[in-house]
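Peer 1: Have a look; sequence and predicted model below, questions after that.
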Amino acid sequence: EPGLSVRHRDPAANYALQYLSCVGNTVVVTSGPAAGAEGFVIGQHAYVLTDMPEDQLRRVTTGDQVTVQAVGQGLALDGHRHVTVKNCSPRLLAALAGGTRDDGTLEVHVAARVPADAIGAGAGMASEYANTDLMGAYAGLGEDLSLGLEGLRIGDVVAMADQDHRFGRGYREGWLSIGVISTGSCQLYGHGPGPSTIMSGPAAAFHLVDDADANIGVLASAGAAA
């Protein structure tokens with residue numbers, strides 16, 4: 001888990017934090033030496049994962065309080081009724097490359113395309129909670145076993161094939177889910193880089209553009225997101 005791992009000590013409040021926080025939301029530290037520092041949500045992994053400048057991260061410690069400016073759940077895209085938006089702040093949506101094409105599809109730039117057989121831990125869970133892990137993203141697998149995912153970075157936008165994440169995470173042929181890598185690699189089988197879902201819909205509703213620079217790091221250079 002990169003950056004800050006945020007949760008609430010009360011289980012009910014923690015569920016609210018998990019389900020309402022969206023990728024790109026502003027996070028403000030409100031106590032301790034780093035009070036006033038700002039960052040943004042990069043995903044969920046049973047904790048809400050937050051990034052901020054390194055000099056500010058070093059001043060935050062266990063027990064410091066933060067405020068998450070949660071906005072984005074329930075967001076809908078005009079003209080794209082088949083695309084369900086999940087865990088995505090309006091600011092992130094505006095920052096990602098793309099838009100509506102002449103044929104009515106939604107253009108989305110992605111750093112990688114993930115085959116359905118890479119989906120590991122997190123399948124079957126609600127897509128507003130935690131993330132899903134990708135298998136086959138381990139270094140040194142060789143050509144026979146590699147799925148081409150070893151180079152994934154935190155913040156990369158990826159397209160997961162044959163995945164319907166509207167009401168949970170499940171296999172559905174001909175569908176597509178867009179996610180943001182929010183956790184790093186892992187040596188446990190079934191675990192690995194983990195994307196948090198930000199969109200889901202029929203594959204025909206999307207026009208994917210392969211773009212190695214498709215990463216939510218654009219928010220860091222533009223300041224904290226809403």
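Peer 2: Now that the structure is in, tell me what you want to look at. All of these numbers come straight from a predicted model, not from anything done at the bench.
Peer 1: Break down the protein into its helices, ranges please.
Peer 2: All helices of the chain, identified by DSSP state H, fall at 11-20, 54-57, 90-95, 218-222.
Peer 1: Need the winner for burial among these.
Peer 2: Of all the helices of the chain, helix 90-95 carries the top mean neighbour count, a mean of 18, counting by mean count of other C-beta atoms under 10 Å. C-betas here are computed from N, CA, C, even on glycine.
Peer 1: And it, what does it pack against?
Peer 2: When contacts are defined as 3 or more C-beta pairs under 8 Å, 6 or more residues apart in numbering; DSSP states H and E, helix 90-95 sits against helix 218-222.
Peer 1: coming back round to it: dump the helices of the chain to CSV, plus distance to Met160 and mean pLDDT.
Peer 2: Formatted as CSV, those follow (distance: least, C-beta to C-beta, whole Å; pLDDT from 0 to 100):
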stretch, distance to Met160, mean pLDDT
helix 11-20, 20, 94
helix 54-57, 29, 93
helix 90-95, 18, 89
helix 218-222, 21, 67
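Peer 1: Between those, which one is closest to Ala203.
Peer 2: Across the helices of the chain, Ala203 has its closest neighbour in helix 90-95 (19.5 Å, C-beta to C-beta).
Peer 1: Just name the shakiest helix or strand of the protein by mean pLDDT.
Peer 2: helix 218-222 (a mean of 67; mean pLDDT, DSSP states H and E).
Peer 1: Show me the shaky parts of this structure.
Peer 2: 97, 138-146, 220-226 (pLDDT under 70).
Peer 1: the longest strand in it is where?
Peer 2: strand 170-183 (DSSP state E).
Peer 1: Which of the residues in it are classified as buried?
Peer 2: Buried residues in strand 170-183, counting neighbours by 16 or more other C-beta atoms under 10 Å, are found at Gly170, Arg172, Trp175, Leu176, Ser177, Ile178, Gly179, Val180, Ile181, Ser182, Thr183.
Peer 1: Any idea what Val23 is bridged to?
Peer 2: For Val23, the beta-bridge partners are Cys88 (DSSP bridges).
Peer 1: neighbours around it, how many?
Peer 2: Residue neighbour count, defined by other C-beta atoms under 10 Å, stands at 30 for Val23.
Peer 1: Kindly report the same for Gln44.
Peer 2: Gln44 has 26 nearby residues by other C-beta under 10 Å.
Peer 1: Bridged to it, which residues?
Peer 2: So, taking DSSP bridges as the rule, Gln44 has Val48 as bridge partners.
Peer 1: So it sits against Ala130, correct?
Peer 2: Yes - using C-beta atoms under 8 Å, Gln44 is in contact with Ala130, at 5.4 Å.
Peer 1: okay, and the common contacts of these two?
Peer 2: Gln18 (C-beta atoms under 8 Å, 6 or more residues apart in numbering).
Peer 1: and Ala16, what is it in contact with?
Peer 2: Counted by C-beta under 8 Å, 6+ apart, Ala16 has contacts His8.
Peer 1: at 10 Å what do you get?
Peer 2: His8, Asp10, Ala70 (C-beta atoms under 10 Å, 6 or more residues apart in numbering).
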